[in-house]
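*Asks:* Compute the structure for the input listed below.
(chains A, B, C and D)
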There are 2 protein chains.
Amino acid sequence: MKNLDKVRESILDSAAYFFDRFGYEKTSVDEIARRAHKAKASVYYHFSGKLQLFRTVLEQEMERVRTGLNEIKSKYGTITTDEVKEYFMTRIRLMREAKVYRRYVLSSYMYGRNEVSEIVDEVRKSLDDEEYAYYVSLCKAGKEEGIFPEAVSPEVFGNMMLLVLKGIEIQFFDTDDIREMENTYRAMLEVLMFKLYNNN
Amino acid sequence: MKNLDKVRESILDSAAYFFDRFGYEKTSVDEIARRAHKAKASVYYHFSGKLQLFRTVLEQEMERVRTGLNEIKSKYGTITTDEVKEYFMTRIRLMREAKVYRRYVLSSYMYGRNEVSEIVDEVRKSLDDEEYAYYVSLCKAGKEEGIFPEAVSPEVFGNMMLLVLKGIEIQFFDTDDIREMENTYRAMLEVLMFKLYNNN
DNA sequence: TTTTCGACCAAATCGGTTTTTTGGTCAAAA
DNA sequence: TTTTGACCAAAAAACCGATTTGGTCGAAAA
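*Replies:* Predicted coordinates:
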């Protein structure tokens, strides 16, 4: 790794450290710089500003989730019940680890849009798009196998899944009780995968 | 109606008016009293305090939702697809009209618990309990007819439904676009009522 | 050339103080 | 029985100087 990247990385680590603990507003660029053993102006040499720093930290978090989920998807060739189960359970865990994101999931609903919530939504969208595609193909595959009703449109189904999952996330965002969350997801899966569960 | 009740009602109307527009914190008992053409002390003669005023307004809102939903339930004898469809579509509309509640759905998640969010949760619980029972019996009925997988526990299903619906509510709480919300609910119903939809 | 940094600025935030408003009470009036 | 104005302690709002903040720049290292 080039030295430039090393510096960038250490600044980002420091930023993530503070954003995680104190949030965007209560973190100053100066303390981020100090923790990375740099002067504040150096941070501005590597990043265009505090907001870009924040965005990059979020992007890293979302990237980790996307990578983790794609690993599951590529592990199985076609969509199976086992895959979907593992997908959801992994999703819970990965989302939990995206701490800065979780701190700001609610921000777009709490205070009307601002620059921070704007960025949160934008970054989140990259994950949403990928998940949306996954649920659409899940629906299509389900219909081919007769597990899903023909009436439901894959696109509408995809949007519904995003909404439902995000809604659950919001309600669990400050709980550390992961068990209840898993139960909810399991119940959803059972209803979703009706036929497969019933044929056991 | 007794005159006493009339006064109470006009005070409650005034309180609802302000709570709806400015929320609990930004409404003063004095302005509530003025709008009801009473002195502040009169409000305290009829109600034990600002919080009880707030609670009563919320209770009225929830009562309207419960009544509306019970009308649907009693219109149909047994649980049918048509009933559930109408139940959900009515639910969207009724919830939308519970404005003060909607303003505070998020409060328990935003700021940690406080006296206001405590009351919101408490009052909401009366509706939750009734809905929970409905979804439990929906699940049982569904299992008897073979529409629902045997694997899913009615109690877990009931909790899941409450979570999912509340999650959706939260995300739509400041949108006036009712169409997208209806689409989401419709998609949910289609997946939920799989067999019935497929046998059409 | 590439990277770091001290000095600097306008704007926002902070801490402490005073002023106003607020939720709630009470004795007297209606 | 119901209403009210006067009253109080506490909370909130308004105020204001001092500090901190995000961001820039030109010079010094490397």
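*Asks:* and chain A, which residues reach chain B?
*Replies:* A:106, A:109-110, A:148-153, A:156-157, A:159-160, A:163-164, A:166-171, A:173-174, A:183-184, A:186-188, A:190-195, A:197-198, A:200 (CB under 8 Å from any CB of the partner chain). For the C-beta atoms, the positions are set from N, CA and C on the backbone; glycine is no exception.
*Asks:* Can you flag the buried ones in the residues you listed?
*Replies:* Among the residues of chain A next to chain B, those scoring as buried are A:106, A:109, A:148-149, A:151-153, A:156-157, A:159-160, A:163-164, A:166-171, A:173, A:184, A:186-188, A:190-194, A:197 (criterion: 16 or more other CB atoms under 10 Å in any protein chain shown).
*Asks:* what sits against A:Lys73?
*Replies:* Shown in contact with A:Lys73 (CB atoms under 8 Å, 6 or more residues apart in numbering or on different chains): A:Glu83, A:Tyr87, A:Tyr134.
*Asks:* Could you check how far the longest helix seen in chain A is from the centre of its chain?
*Replies:* Ranked by residue count and defined by DSSP state H, the top helix of chain A is helix A:115-144. Distance of helix A:115-144 from its chain centroid, counting by CA atoms, centre = their mean, to the nearest Å, is 10 Å.
*Asks:* Could you pull up the mean pLDDT of it?
*Replies:* What helix A:115-144 shows for mean pLDDT is 94.
*Asks:* And DNA strand C, is that helix touching that?
*Replies:* No - with CB under 7 Å from any atom of the strand as the criterion, DNA strand C is not reached by helix A:115-144; the gap is at least 11.6 Å.
*Asks:* Let's see the helix or strand that comes right after that helix as CSV, backbone CA atoms only.
*Replies:* Where DSSP states H and E defines the elements, the next helix or strand beyond helix A:115-144 is helix A:154-172. Provided in CSV are the C-alpha atoms of helix A:154-172 (Å, rounded to 0.1, in the frame of the first residue of the first chain):
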residue,chain,number,x,y,z
PRO,A,154,-41.4,-8.6,-8.5
GLU,A,155,-40.8,-4.9,-8.6
VAL,A,156,-43.5,-4.1,-6.0
PHE,A,157,-42.3,-7.1,-3.9
GLY,A,158,-38.7,-5.7,-4.0
ASN,A,159,-39.8,-2.3,-2.8
MET,A,160,-42.0,-3.9,-0.1
MET,A,161,-39.0,-5.9,1.2
LEU,A,162,-36.8,-2.8,1.4
LEU,A,163,-39.5,-1.0,3.3
VAL,A,164,-40.2,-3.8,5.7
LEU,A,165,-36.6,-4.5,6.5
LYS,A,166,-35.7,-0.9,7.0
GLY,A,167,-38.8,-0.5,9.3
ILE,A,168,-37.6,-3.4,11.4
GLU,A,169,-34.0,-2.0,11.5
ILE,A,170,-35.3,1.3,12.8
GLN,A,171,-37.2,-0.3,15.7
PHE,A,172,-34.2,-2.4,16.7
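*Asks:* Okay, angle between helix A:154-172 and helix B:154-172 too, please.
*Replies:* Using axes from the mean of the first three to the mean of the last three CA atoms, to 10 degrees, one finds that helix A:154-172 and helix B:154-172 are set 100 degrees apart in direction.
*Asks:* how is chain A carved up into domains?
*Replies:* With domains defined by automatic domain parsing, chain A comprises A:1-47, A:55-198.
*Asks:* how about the first one, does it get close to DNA strand D?
*Replies:* Yes - Domain A:1-47 lies in contact with DNA strand D when judged by CB under 7 Å from any atom of the strand; the contacting residues are A:Thr27, A:Ser28, A:Val29, A:Asp30, A:Glu31, A:Lys40, A:Ala41, A:Tyr44.
*Asks:* got the contact list for the helix or strand where the fourth one lies?
*Replies:* In this case it means A:Asp30. Element membership for A:Asp30 (DSSP H and E) is helix A:29-35. Residues from elsewhere that reach helix A:29-35, judged by CB under 8 Å, 6+ apart: A:Ile11, A:Ser14, A:Ala15, A:Tyr17, A:Phe18, A:Ala39, A:Lys40, A:Ser42, A:Val43, A:Tyr44, A:Lys50, A:Leu53.
*Asks:* Give me the subset of these that also touch DNA strand C.
*Replies:* Among these, the ones lying near DNA strand C by CB under 7 Å from any atom of the strand are A:Ala39, A:Lys40, A:Ser42.
*Asks:* which ones are touching A:Gln60?
*Replies:* Listed by CB under 8 Å, 6+ apart, the contact set of A:Gln60 reads A:Leu12, A:Ala16.
*Asks:* now do A:Asn159
*Replies:* Counting by CB under 8 Å, 6+ apart, the residues that A:Asn159 touches are A:Tyr132, B:Asn183, B:Thr184, B:Ala187.
*Asks:* And those, which is closest to DNA strand D?
*Replies:* For the contacts of A:Asn159, the residue nearest DNA strand D by CB to the nearest atom of the strand is A:Tyr132; the value is 31.8 Å.
*Asks:* does the closest residue to A:Glu122 other than its chain neighbours belong to a helix or a strand, and which?
*Replies:* Nearest residue to A:Glu122 in three dimensions, chain neighbours excluded: A:Arg55, at 7.8 Å (CB to CB, 6 or more residues apart in numbering or on different chains). Here A:Arg55, judged by DSSP H and E, is contained in helix A:50-75.
*Asks:* Buried residues in that helix, which are they?
*Replies:* For helix A:50-75, by 16+ other CB under 10 Å, it's A:50, A:53-58, A:60-62, A:65-66, A:68-69, A:72.
*Asks:* Flag every residue of chain A that's near DNA strand D.
*Replies:* Going by CB under 7 Å from any atom of the strand, the residues of chain A near DNA strand D are A:Thr27, A:Ser28, A:Val29, A:Asp30, A:Glu31, A:Lys40, A:Ala41, A:Tyr44, A:Ser48, A:Gly49, A:Lys50, A:Leu51.
*Asks:* Recalculate using a threshold of 6 Å.
*Replies:* Proximity of chain A to DNA strand D, by CB under 6 Å from any atom of the strand, involves residues A:Ser28, A:Val29, A:Asp30, A:Lys40, A:Ala41, A:Tyr44, A:Gly49, A:Lys50, A:Leu51.
*Asks:* Please convert the buried members of those residues into PyMOL selection syntax.
*Replies:* Buried members of the residues of chain A next to DNA strand D, defined by 16+ other CB under 10 Å, are picked up in PyMOL with:
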select buried, chain A and resi 29+50
